[in-house]
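K.L.:
quick one, what's the 3D model for this:
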Amino acid sequence: MSGPTHIVFLLGAPAFHPVEAQARRIAGWLGPDDYRYHYLEGKDALEPAVLDNCGLLVLMGLHWSGLPHIRRPMPYVPLEDRHKQAFEAYVRSGRPIIIHHGASGCYDDWPRFGELLGLTWEWGVTKHSPIHELDIRLTDRAHPITRGVDDFQLTDEAYYDIKVMPGVEPRVLASTRYDGRELPMIFALEGEGGRAPGAGRLAYLVNGHDMGVFEHPMMQRLWRNTVSWALETPEDETRAPYRAAVIGCGESGERKDKKAGGFGIGYWHADAFRGHPRVALSMAADISRPNLDAFAQKYKLPEAGRYEDYRRMLDEAWPDLVSIGTHLGLHREMIEAAAESGVKGIICEKPLAASPVELDAVRGVVERTGVKMVVAHVRRYCEGFRRARQLIDEGAIGRPVLFFAGIEGWDLAEWGSHWLDMFRFLRHDRPVSWVMGQARVRETRGYGHAMEDHAIAYYQFDDGVKALLDGGHAFHSDEAPMHMTLTGTTGTLRIYGHAGHRLVLQNASGQAEERFEQPFTETWDRLVTDLVSWIEGGPEPCTSLNAVAPSSEINLAAYLSSLRRDRIDLPLEDDTDEWPVETLARVRYQQQSIAAV
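P.N.:
Next up, the predicted model:
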C-alpha cells in the first residue's frame with residue numbers, strides 16, 4: 001500500500017464502554033499526517049473491501065451474543081461468512097491487530113475468532129474485578145510498547161483468566177495485582193504461534209473501561225508506542241514522536257517599546273521545538289488571528305493546526321509538548337489546563353507566577369499529574385555563567401560575600417527574574433532565608449500587568465551570602481549595561497552581557513579575562529533537549545519547576561516586602577492571590593485620591 005496507512009476501528013459497544021470517543025482520542029494522539037482513520041460498527045469493519053485496504057485493525061467494540069439478555073441490552077449482529085473469510089484472510093496476511101479492553105470477547109458464537117486472535121475472553125470463565133485503583137507495573141521495560149512508560153496507577157477494572165489459545169505464547173509487558181493474583185494487563189504476540197499461518201503482530205491493552213482511563217498520560221504513550229510497534233515503524237525512525245504546540249505566538253519582529261510587552265517569544269519556543277529531531281511543531285494558539293496566521297505561515301502550520309482558543313486545541317488535538325509564552329497573569333490557568341489534558345511536557349515563560357497562591361497551585365497540579373515542566377530560564381545553559389560558577393567553586397574569589405547587578409530601564413520581574421534566578425544558579429540553588437524589597441510604582445503597565453518604575457531586591461542565602469538587584473538602573477559599566485559583579489573575600493568576578501559572553505576575574509594573581517561565543521539559540525535547544533530527555537527517563541533539568549520555583553518566590557517576596565514594609569522570610573508562606581505590583585499601584589492611587597481631597 002502507498003500513501004497513509006488506513007487504521008480501521010471496529011466499534012459498537014454498550015454505553016458503559018464509550019469506544020467511539022476512545023477511538024477518536026487515539027486518532028488525536030497519533031495525529032493526522034500518517035494515517036487515515038475509519039470508525040465502523042461491528043461487522044461493517046470486517047467487510048472484505050474494508051479489510052483489503054486496512055493496514056491496522058483495532059478491535060474496540062463488544063459484540064457478544066449474550067448482550068441482548070443483560071440489564072443494558074445491545075442488539076447482537078453475528079458475522080456472515082464473507083466477514084469470517086475476510087477476517088481470516090486479514091490475519092493470514094500478516095497485518096497487525098490491536099485488541100482494546102472488552103473486544104477480546106467478541107463473536108463468541110464463532111470460536112474461530114478467538115483462535116485467530118490467540119487471546120480471548122472466555123464467557124463463564126474470564127472475569128473482571130470491580131472498578132478500583134490499580135497499580136500497573138511494567139514486567140518488560142525493554143519492549144518497544146513500554147518505551148518511555150513508567151509504572152502508574154489507574155482507576156479501572158482488571159481482567160483475570162483470559163484464555164490463551166494452545167500454542168500461543170504471549171509476552172506479558174505489564175501486570176497488576178488483584179485478590180492475591182498477578183494479572184496481565186498488556187500482551188504482545190510477535191507471530192503466528194498457534195493462531196494461523198502467516199499471522200503477524202498482535203497487542204492486547206486490557207485497560208480502558210471508560211474515558212477516565214484515557215485521561216492518564218501513560219495511556220497516550222502506550223497507544224502511540226503500540227501502534228508504532230504493530231506497524232513495525234518505530235517512532236524514532238519514522239517521525240518525531242512528540243507533537244508540540246505553542247500557546248501565545250505574539251507579534252513577529254523586534255519590539256519597539258520594551259516595557260509595552262507583545263514581544264513574540266513564541267517564535268523562540270517554535271525554533272527550539274523545530275531544532276529537536278524528535279519534536280514536530282504541529283499547532284499553535286493565539287487570541288489574535290493576524291498574529292496566529294503570521295506565525296502559522298512562517299512555520300507552515302495547516303489551518304487545522306491553528307487555534308484561537310487554547311483550551312479547544314488541548315481538547316481536540318492533544319499535543320505532547322506545550323509551550324506557554326503569554327503574559328504572566330495567564331500562566332496558572334494555562335499550566336493547569338495543559339497538565340490536566342495529559343501533555344507530557346510544559347515549557348513556561350518567566351516570570352512564572354503572579355502570586356503566592358498561583359505558585360502553590362502550579363506546584364500542586366504538576367505534582368498531581370506528573371507532567372514534566374521546565375521554565376524558560378535558559379541563561380542557566382550559557383557557557384559564561386557555567387564557567388563563572390566553576391570559578392566560584394574553585395575559590396577564585398575566596399568566600400563569596402555579595403553578588404549584585406543592575407538592569408537599566410527594566411524591572412524585577414520581566415527582565416529582573418533572570419538575574420534573581422542567576423544568582424541562585426551561581427550558588428547551586430542554595431536556599432534563600434529572607435528577602436527585603438522596595439518599589440516605586442506609578443502608572444507604568446506592560447505585559448498585561450502593572451510594572452514598577454524602579455525596584456530593589458536584597459536577599460540572603462542560608463550561609464550568609466547576600467545578593468542585590470537594582471531593577472531600573474544599571475551599575476556603571478564601560479561595556480555592557482547588563483552586567484553583574486560577584487565579590488568575595490579575596491577577589492571579584494564581573495560577568496558582562498545578558499548571556500555572560502565575557503568574564504573578568506580580579507584577585508591576588510592579577511586580572512584574567514575569558515570570552516564566550518556561544519549562540520544564544522543553543523540555550524533554547526538545550527531547554528527542549530533536556531525536557532525530552534527527562535520525559536524519557538533522563539535526569540531532571542536545571543530548569544525544572546522544582547529548581548526554579550524558589551526564584552519566583554524571591555521575585556514575589558521583594559514586592560510583598562515593599563507592600564508590607566517588612567522583611568519576608570522564606571520559604572514563602574502567603575495567601576496573597578494578586579500580582580503584588582497591582583496592589584502597590586492601587587495603594588498609590590488611593591493615597592493620591594486621599595491627598596487630593
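
K.L.:
now residue 83. Its backbone dihedrals?
P.N.:
Backbone torsions of residue 83, given as degrees, to the nearest 10, read phi -70, psi -40.

K.L.:
which one is it nearest to, not counting chain neighbours?
P.N.:
In this structure, residue 83 finds its nearest non-sequential neighbour in residue 46, 4.1 Å apart by Cβ to Cβ, 6 or more residues apart in numbering. Where C-beta positions appear, they are placed from N, C-alpha and C, glycine not excepted.

K.L.:
what is the burial count for that neighbour?
P.N.:
25 (other Cβ atoms under 10 Å).

K.L.:
swap in residue 469?
P.N.:
The tally of other residues near residue 469 (other Cβ under 10 Å) stands at 28.

K.L.:
which SS class is it?
P.N.:
For residue 469, the assignment made with DSSP: H, G, I helix; E, B strand; the rest coil gives strand.

K.L.:
what's the spacing between it and residue 241?
P.N.:
41 Å (Cβ to Cβ, to the nearest Å).

K.L.:
quick one: contacts for the residue nearest to residue 129 when sequence neighbours are not counted?
P.N.:
Nearest in space to residue 129, with sequence neighbours left out and distances taken as Cβ to Cβ, 6+ apart, is residue 158 at 4.4 Å. Listed by Cβ atoms under 8 Å, 6 or more residues apart in numbering, the contact set of residue 158 reads 128-129, 134, 176, 178, 183, 185, 206.

K.L.:
quick one: contacts for residue 342?
P.N.:
For residue 342, counting by Cβ under 8 Å, 6+ apart, the contacting residues are 215-217, 220, 318, 369.

K.L.:
please apply the same query to residue 97.
P.N.:
56-59, 91, 117, 200-203, 230.

K.L.:
so it bridges to which residues?
P.N.:
residue 57, residue 202 (DSSP bridges).

K.L.:
what about it, distance to residue 60?
P.N.:
Taking Cβ to Cβ, one finds residue 97 at 11 Å from residue 60.

K.L.:
same question, residue 364
P.N.:
34 Å.

K.L.:
more crowded one of the two?
P.N.:
The neighbour count for residue 364 versus residue 60, taken as other Cβ under 10 Å, is higher for residue 60 (26 against 12).

K.L.:
that one is in contact with residue 9, isn't it?
P.N.:
Yes. Look at residue 60 against residue 9 with Cβ atoms under 8 Å: they come within range, at 5.6 Å.

K.L.:
give me the common contacts of those two.
P.N.:
19, 23.

K.L.:
thinking again about what came up before, now, which of the contacts of residue 97 sits nearest residue 328?
P.N.:
residue 58 (43.3 Å; Cβ to Cβ).

K.L.:
need the pLDDT of the closest one.
P.N.:
Reading off the confidence values, residue 58 has pLDDT 97.

K.L.:
do the same with the one 4 residues further on
P.N.:
Looking at residue 62, its pLDDT is 90.

K.L.:
out of everything not next to it in sequence, what's closest to residue 103?
P.N.:
In this structure, residue 103 finds its nearest non-sequential neighbour in residue 59, 3.8 Å apart by Cβ to Cβ, 6+ apart.

K.L.:
check contacts around residue 111.
P.N.:
Residue 111 neighbours (Cβ under 8 Å, 6+ apart): none.

K.L.:
please read the previous query as pertaining to residue 159.
P.N.:
Per Cβ under 8 Å, 6+ apart, neighbours of residue 159: 121, 126-128, 183, 206.

K.L.:
what pairs with it across the strands?
P.N.:
residue 128.

K.L.:
if we can go back for a sec, most neighbours among the contacts of residue 97, please name it.
P.N.:
Top of these by neighbour count (other Cβ under 10 Å): residue 58, with 32 neighbours.

K.L.:
please tell me how far it sits from residue 98.
P.N.:
For residue 58, the distance to residue 98 - Cβ to Cβ - is 5 Å.

K.L.:
in the sheet, who's paired with the residue nearest in space to the middle of the chain?
P.N.:
Nearest residue to the geometric centre of the chain (Cα atoms, centre = their mean): residue 345, 1.5 Å. As for beta bridges, residue 345 partners with residue 321, residue 372 under DSSP bridges.

K.L.:
understood, closing this out.
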